[in-house]
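In: sharing a model prediction with you, sequence too.
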Amino acid sequence: MLDSIYIGISGLSSYSKGLKTISNNVTNLNTPGFKSSQTQFSDLFNQGGLGSHGHQRQGSGVSMLGTSVNFAAGEFRSTGNPMDIAIDGQGFFVLRDDNGNLSYTKAGQFQFNEDGVLISRTGGEKVMAFNAEGKLTEVTLDGLKSSPPAATANVAFAGNLSSVDTEHVINNVTVYDKAGGEHSLSMVFNNRVDNTTTGETTWTVAVKEGTNVLTTTTVKFKGGLPLAGSDAFNVDISSTTMGNSTVAFKLGTNVTHNSAGTNSELVIGSKDGYAMGTLVDQSFDEEGKIVLGYSNGQTSKPFQLALAHFDSLDALEQMGGNQFSVLKPDSVRYGVAGSGKEAIRTRAVEISNVDLSQEFSDLILNQRGYQASSQIVSTANEMIQQLFDMKRGG
């Protein structure tokens with residue numbers, strides 16, 4: 001009967017530990033990237049005398065071997081935060097602490113700290129990525145907080161220059177010099193000359209910056225379209241620090257010359273070049289690349305988040321803070337998204353994979369197991385007490 005008490009106590013101990021596992025799962029129901037665990041029980045046997053197979057084996061209770069982690073994916077929840085990112089697949093984000101130790105997480109909740117380094121919002125560890133040279137490194141904004149300017153090189157017109165108009169002015173044509181300086185130009189089309197013999201029409205074009213005339217040239221049309229060889233002109237733009245740059249203006253295929261209206265509708269169709277830009281936002285794209293946006297409309301993608309894969313997920317163990325450590329470092333392989341194994345969810349996080357209905361079911365079973373084990377201890381104790389009472393009665 002004493003053995004029965006010990007057996008019952010083993011049940012009480014094991015079910016108490018099982019309750020701890022369930023409690024941990026349930027309380028992490030809303031923890032991003034959390035992976036639930038399941039308690040592993042094992043029966044205990046003592047080897048006794050002869051039995052049907054040469055030995056008699058008697059049960060001696062139950063023990064808790066440990067827990068196994070369920071690595072199934074949780075649901076993906078949209079957050080709208082541009083620095084939130086989730087992996088739809090087996091990969092893990094890679095983090096590094098101040099001591100150089102690597103850890104792995106499914107909780108893609110990141111931010112840039114005051115030093116411009118991408119870190120985990122949970123524990124402050126640095127997020128690892130591949131740079132343009134393919135080197136695994138931390139993500140830093142050093143040297144990336146501004147976008148260099150680009151001088152305007154090409155400007156294309158679009159629309160109709162009326163064949164019955166006598167003058168047309170295009171104002172506020174913004175171009176940029178080599179230093180990113182902004183220049184506001186005006187284009188004056190006038191002095192139209194029609195050549196009835198050749199069928200060509202010549203327009204004089206004056207390019208001004210304020211009251212200063214930068215150049216005066218001519219363009220020609222024939223058959224309602226710009227005449228090749230006479231449909232473009234160049235303008236030199238000066239910079240106070242980096243010398244002159246040349247802007248090529250071209251009428252192109254989107255320009256017509258007819259009498260569709262007495263008023264011309266010729267405008268600037270497209271142009272390149274931009275000023276110096278400052279960093280205004282950061283986000284991720286569907287390949288896990290960090291997208292830096294600048295005030296001049298330019299973007300840069302200097303890093304791509306590293307993803308860790310493992311020969312076996314059994315090589316991982318939970319270490320808190322939504323992170324895992326690896327038992328065998330040589331079992332880790334590093335890569336990036338887009339290889340077909342996983343996809344990236346932007347502005348979203350992977351939430352816990354805890355199945356609340358399953359946990360409540362396990363909770364009832366643990367409660368019943370604990371209750372039954374306690375009943376075994378109580379019954380064995382009563383039987384021993386009866387033996388004592390028999391001795392006193394004798």
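Out: Structure's in. What do you need?

In: let me see the domain layout of this structure.
Out: The chain breaks down into these domains under automatic domain parsing: 2-72+353-393, 81-143+297-347, 154-271.

In: any chance of the ones you listed in TSV with distance to residue 290, mean pLDDT and mean neighbour count as columns?
Out: Placement of C-beta: from N, CA and C, glycine included. TSV is the format used below for the domains of the chain (distance: least, CB to CB, whole Å; pLDDT from 0 to 100; neighbours: other CB atoms under 10 Å):
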stretch	distance to residue 290	mean pLDDT	mean neighbour count
domain 2-72+353-393	20	80	15
domain 81-143+297-347	5	93	17
domain 154-271	24	93	16
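
In: and residue 278, which of those domains is closest to it?
Out: Closest of those to residue 278 is domain 81-143+297-347, at 10.7 Å (criterion: CB to CB).

In: closest to residue 289 out of the domains of the chain?
Out: Comparison of the domains of the chain against residue 289 by CB to CB identifies domain 81-143+297-347 as nearest, at 4.3 Å.

In: put together TSV for the domains of the chain, with distance to residue 281 on each row.
Out: Shown next, in TSV, are the domains of the chain (distance: least, CB to CB, whole Å):
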stretch	distance to residue 281
domain 2-72+353-393	22
domain 81-143+297-347	7
domain 154-271	20
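
In: do you know which of the ones you listed lies nearest residue 282?
Out: domain 81-143+297-347 (6.5 Å).

In: how much space between the nearest residue to residue 210 once chain neighbours are set aside and residue 207?
Out: Nearest in space to residue 210, with sequence neighbours left out and distances taken as CB to CB, 6 or more residues apart in numbering, is residue 184 at 7.9 Å. Distance of residue 184 to residue 207, given as CB to CB, to the nearest Å: 12 Å.

In: with residue 335 instead?
Out: In terms of CB to CB, residue 335 sits 53 Å off from residue 207.

In: how about residue 382?
Out: Look at residue 382 and residue 207: by CB to CB, they are 108 Å apart.

In: now residue 221
Out: Relative to residue 207, and taking CB to CB, residue 221 is found at 18 Å.

In: and if you look at residue 173?
Out: Shown here: residue 173 relative to residue 207, a distance of 9 Å by CB to CB.

In: who touches both of the two?
Out: 185, 186, 187 (CB atoms under 8 Å, 6 or more residues apart in numbering).

In: among these, which are in strands?
Out: 185, 186, 187 (DSSP state E).

In: got those residues as TSV, with distance to residue 167 columns?
Out: Formatted as TSV, those follow (distance: CB to CB, whole Å):
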residue	distance to residue 167
185	17
186	12
187	11
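
In: and residue 63, helix, strand or coil?
Out: Classification of residue 63 using DSSP: H, G, I helix; E, B strand; the rest coil returns strand.

In: oh, I was asking about residue 3
Out: What three-state DSSP gives for residue 3 is helix.

In: also residue 378?
Out: helix.

In: next one: it relative to residue 368, how far apart?
Out: Distance, residue 378 to residue 368, using CB to CB: 15 Å.

In: circling back to that earlier point, contacts only, for the residue nearest to residue 210.
Out: Neighbouring residues of residue 184 by CB under 8 Å, 6+ apart: 172, 173, 174, 209, 210.

In: tell me how far the fourth one lies from residue 161.
Out: Shown here: residue 209 relative to residue 161, a distance of 22 Å by CB to CB.

In: just the first one next, same as before
Out: Shown here: residue 172 relative to residue 161, a distance of 18 Å by CB to CB.

In: the residue nearest to residue 377 when sequence neighbours are not counted: which element?
Out: Of all residues not flanking residue 377 in the chain, residue 8 sits nearest, at 3.8 Å (CB to CB, 6+ apart). Assigning secondary structure by DSSP states H and E places residue 8 in helix 2-27.

In: tell me how far that helix is from the chain's mean position?
Out: Chain-centre distance of helix 2-27: 42 Å, with CA atoms, centre = their mean, to the nearest Å.

In: and what of stretch 176-186?
Out: From the chain centre to the centre of stretch 176-186 is a distance of 36 Å (CA atoms, centre = their mean).

In: kindly report the same for stretch 381-389.
Out: Stretch 381-389 sits 67 Å away from the centroid of its parent chain (CA atoms, centre = their mean).

In: stretch 28-43 now?
Out: 26 Å.

In: just the pLDDT at the residue nearest to residue 294 when sequence neighbours are not counted, thanks.
Out: Spatially, and ignoring its direct neighbours in sequence, residue 294 is nearest to residue 277 (3.3 Å; CB to CB, 6+ apart). We have a pLDDT of 96 for residue 277.

In: quick check: residue 277 touching residue 145?
Out: No. Assessed by CB atoms under 8 Å, residue 277 is found out of contact with residue 145, at 9.9 Å.

In: neighbour count winner among these two?
Out: Neighbours around residue 277 and residue 145, counted as other CB atoms under 10 Å, are more numerous at residue 277. The numbers are 21 against 12.

In: and the more buried one, how close does it get to residue 299?
Out: 10 Å.
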